[in-house]
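Undergrad: below is the sequence, then the predicted model.
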Amino acid sequence: METDKLLENNERYSKGDAVHKPNYPGRQPIQPSKRVAVVACMDARLDVEDLLGLQTGEAHIIRNAGGVVTEDAIRCLIISHHLLNTREFVLIHHTRCGMLAFTDDLLKAGLEGDAASGKLLGQATGRKFAGPGKSSCSPSQFHAFRGAIEPLDSPRSEKSTERLEWDVRRSMSIIQSHPWIPTQGEDAVTVRGFIYDVDTGKLEEVSYPGPMGSFG
Ligand SMILES: [Zn+2]
């Protein structure tokens, strides 16, 4: 399984090795050669190709705020598998993620001009929050992680690890239950989820199935 090799690469990366080669590799086929697709957070501290030791041409990398399996991520994964032949999906959330530090309701209220929400968001981010004071139906969700929020960029804790695990499992469940993503039979894809620790450079696998979160 390619995912296991990526974990070995990550072990080397966390010890200081440069596994990813930056130079142009020459002409390559459109299909990712390792048959892997990765969904990861957009956080600036993650270099996905580096931390997995992936070379150019080996995998699809899909990134968004949180590494959440959103409608657009599902769209990409369906195309990745059915048209471009990938068969291993790797999900990466990470410690100190910004998605632990707000809720959808708080951000929406702030954007809609609520002064108290804007003040809280300003304190959380260290940036003056300027809500435009208008409402919008889009994006319909920000997908902030479930559970009690913590200050931005807080060191890892048991609670924040649990919240990350919840969301990794929710993302795995969304993929595994999607009618257009086969998880059994000859054309099956595998899905594995991880938490990347930005303070150590290491990936840790999230057990599945398991709890997916409670309110508050
Ligand atoms: Zn993040």
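TA: Here it is on my side, so go on. Computed from a prediction, not measured in an experiment: that's the story for all the values here.
Undergrad: ok, the spatially most central residue of the chain - contacts?
TA: Among the residues of the chain, Gly67 comes closest to the average C-alpha position under Cα atoms, centre = their mean, at 1.9 Å. Gly67 sits next to Val39, Ala40, Cys41, Met42, Leu91, Ile92, His93, His94, Ser171 when contact means Cβ atoms under 8 Å, 6 or more residues apart in numbering. Placement of C-beta: from N, CA and C, glycine included.
Undergrad: cutoff 10 Å now
TA: Residues near Gly67 by Cβ atoms under 10 Å, 6 or more residues apart in numbering: 38-43, 46, 48, 73, 91-94, 97, 99, 143, 164, 167-168, 171, 193-194, 196.
Undergrad: ditto for Asp153
TA: Arg45, Thr95, Arg96, Cys97, Gly98, Leu100, Ala101, Ala124, Thr125, Gly126, Val198.
Undergrad: please, a ChimeraX command that selects the buried ones among the contacts of Gly67?
TA: In ChimeraX, this line selects whichever of these come out buried by 16 or more other Cβ atoms under 10 Å:
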select :38,39,40,41,43,46,48,73,91,92,93,94,97,99,143,164,167,168,171,193,194,196
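Undergrad: can you tell me which of the contacts of Gly67 end up in strands?
TA: Val38, Val39, Ala40, Cys41, Leu91, Ile92, His93, His94, Gly193, Phe194, Tyr196 (DSSP state E).
Undergrad: which two of the contacts of Asp153 have the greatest separation?
TA: Using Cβ to Cβ, the two most remote members of the contacts of Asp153 are Thr95 and Gly126, lying 19.0 Å apart.
Undergrad: quick one: the closest residue in space to Gln55 that isn't next to it in sequence from the ion, how far?
TA: Spatially, and ignoring its direct neighbours in sequence, Gln55 is nearest to Lys21 (5.9 Å; Cβ to Cβ, 6 or more residues apart in numbering). According to Cβ to the ion, to the nearest Å, Lys21 stands 26 Å off from the ion.
Undergrad: packing partners of the host helix or strand of Glu162?
TA: Here Glu162, judged by DSSP states H and E, is contained in helix 158-176. Applying 3 or more Cβ pairs under 10 Å, 6 or more residues apart in numbering; DSSP states H and E, one finds that helix 158-176 contacts helix 71-82, strand 88-94, strand 190-197, strand 202-205.
Undergrad: still on that earlier bit, pipe the ones in strands among the contacts of Gly67 into CSV and attach pLDDT and distance to Ser177 per row.
TA: Shown next, in CSV, are those (pLDDT from 0 to 100; distance: Cβ to Cβ, whole Å):
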residue, pLDDT, distance to Ser177
Val38, 98, 20
Val39, 98, 16
Ala40, 98, 21
Cys41, 98, 22
Leu91, 98, 14
Ile92, 98, 20
His93, 98, 19
His94, 98, 24
Gly193, 98, 14
Phe194, 98, 20
Tyr196, 98, 25
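Undergrad: can you tell me which of these is closest to Lys134?
TA: Cys41 (27.6 Å).
Undergrad: may I have the secondary structure class of the nearest residue to that closest one once chain neighbours are set aside?
TA: Distance criterion Cβ to Cβ, 6+ apart; nearest residue to Cys41, sequence neighbours excluded, is Gly67 at 4.0 Å. Following DSSP: H, G, I helix; E, B strand; the rest coil, Gly67 is assigned to coil.
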